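Chemist: For reference, the sequence and a predicted model appear below.
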Amino acid sequence: SQQGEEDPQALSIQEGENATMNCSYKTSINNLQWYRQNSGRGLVHLILIRSNEREKHSGRLRVTLDTSKKSSSLLITASRAADTASYFCATDEGGGNKLTFGTGTQLKVEL
Amino acid sequence: DGGITQSPKYLFRKEGQNVTLSCEQNLNHDAMYWYRQDPGQGLRLIYYSQIVNDFQKGDIAEGYSVSREKKESFPLTVTSAQKNPTAFYLCASSRTTGSASEQYFGPGTRLTVT
């Protein structure tokens, strides 16, 4: 089962603009993670936010978590062409050391 | 170099044949995972293992089998019983902690069955 639903499914922006993608989930979670996938490659972990945290930053990334709305957002500031990739949220529902991945947002950053 | 290796990168098989995908890690992680990804889709969990000689079914285990005889290795066999085996297969590993921690992914194996 896929817990997370990302929105939008696809996003196209110009270099230098900010990109925001959202993730909604259904059940309570221990933590939520964001991953990036370049075309045809494995996923790379970006950031983890715990259920008792509301906001986290890492470089140009800002993640928020609203457990009352069961949603999270990933903001990439000052985007670059190299940010072009698919971005997935993944939730830890507490059933052991496993994650449930969402459907992903395809981000395209144009020069 | 520490990381996860998957081989081969591309694999072609005829329908009705079993095929085994390799996954090796040198990160000293206890937990390993197999996911399937179809075009434009997210990842679906096939099997996972939290410790050597133990593994659990994920959401789509039917038609697949795994073994975990060594900490470093978690091979996945796609059997002829899997109705739609053509997909991109990703292996991952992680530390085992109180909650799910960061997963490290291999580069993937693209399996085509005709």
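Modeler: Sure thing, it's come through.

Chemist: lowest-confidence helix or strand of chain A?
Modeler: When the helices and strands of chain A are scored by mean pLDDT, DSSP states H and E, strand A:5-7 comes last with a mean of 87.

Chemist: buried set for it?
Modeler: For strand A:5-7, the neighbour count (16 or more other C-beta atoms under 10 Å in any protein chain shown) marks A:5-6 as buried. Using the backbone N, CA and C atoms, a C-beta is placed for each residue, glycine as well.

Chemist: show me the residues around residue 85 that make contact.
Modeler: Reading this off chain A. A:36-39, A:107 (C-beta atoms under 8 Å, 6 or more residues apart in numbering or on different chains).

Chemist: oops, chain B please
Modeler: B:13, B:19, B:63, B:78, B:111, B:113.

Chemist: what about the residue nearest in space to the middle of chain B, helix or strand, and which?
Modeler: Centroid-nearest residue in chain B: B:Trp34, 2.7 Å away (criterion: C-alpha atoms, centre = their mean). Counting by DSSP states H and E, the element that carries B:Trp34 is strand B:31-37.

Chemist: who's in contact with whichever helix or strand comes after that strand?
Modeler: Using DSSP H and E, the helix or strand that follows strand B:31-37 in sequence is strand B:43-51. Defining contact as C-beta under 8 Å, 6+ apart, one finds that strand B:43-51 is touched by A:2, A:43, A:88, A:96-98, A:100-101, B:30-37, B:55-61, B:64, B:66, B:68, B:74, B:76, B:89-90, B:96.

Chemist: thinking again about what came up before, so which of the contacts of B:Pro85 would you say is closest to A:Met21?
Modeler: The shortest approach to A:Met21 among those belongs to B:Leu111, at 29.1 Å (C-beta to C-beta).

Chemist: Next, count neighbours for the closest one.
Modeler: The tally of other residues near B:Leu111 (other C-beta atoms under 10 Å in any protein chain shown) stands at 21.

Chemist: ditto for B:Ala87
Modeler: 22.

Chemist: Pull up the per-residue confidence for it.
Modeler: Turning to B:Ala87, the model gives it a pLDDT of 97.

Chemist: Need the nearest residue in space to it, chain neighbours excluded.
Modeler: B:Arg36 (4.9 Å; C-beta to C-beta, 6 or more residues apart in numbering or on different chains).

Chemist: ditto for A:Lys69
Modeler: Closest to A:Lys69 by C-beta to C-beta, 6+ apart is A:Ser24, at 7.8 Å.

Chemist: measure the one you found to B:Glu62 for me?
Modeler: Distance of A:Ser24 to B:Glu62, given as C-beta to C-beta, to the nearest Å: 28 Å.

Chemist: now A:Asp83
Modeler: For A:Asp83, the distance to B:Glu62 - C-beta to C-beta - is 37 Å.

Chemist: ok, now which ones touch A:Gln33?
Modeler: A:45-49, A:89-92, A:99, B:100, B:102-103.

Chemist: That one belongs to a strand?
Modeler: Yes: when DSSP: H, G, I helix; E, B strand; the rest coil is applied, A:Gln33 is found to be in a strand.

Chemist: and A:Met21, which of the three is it?
Modeler: Going by three-state DSSP: A:Met21 is strand.

Chemist: I appreciate the help and will end here.
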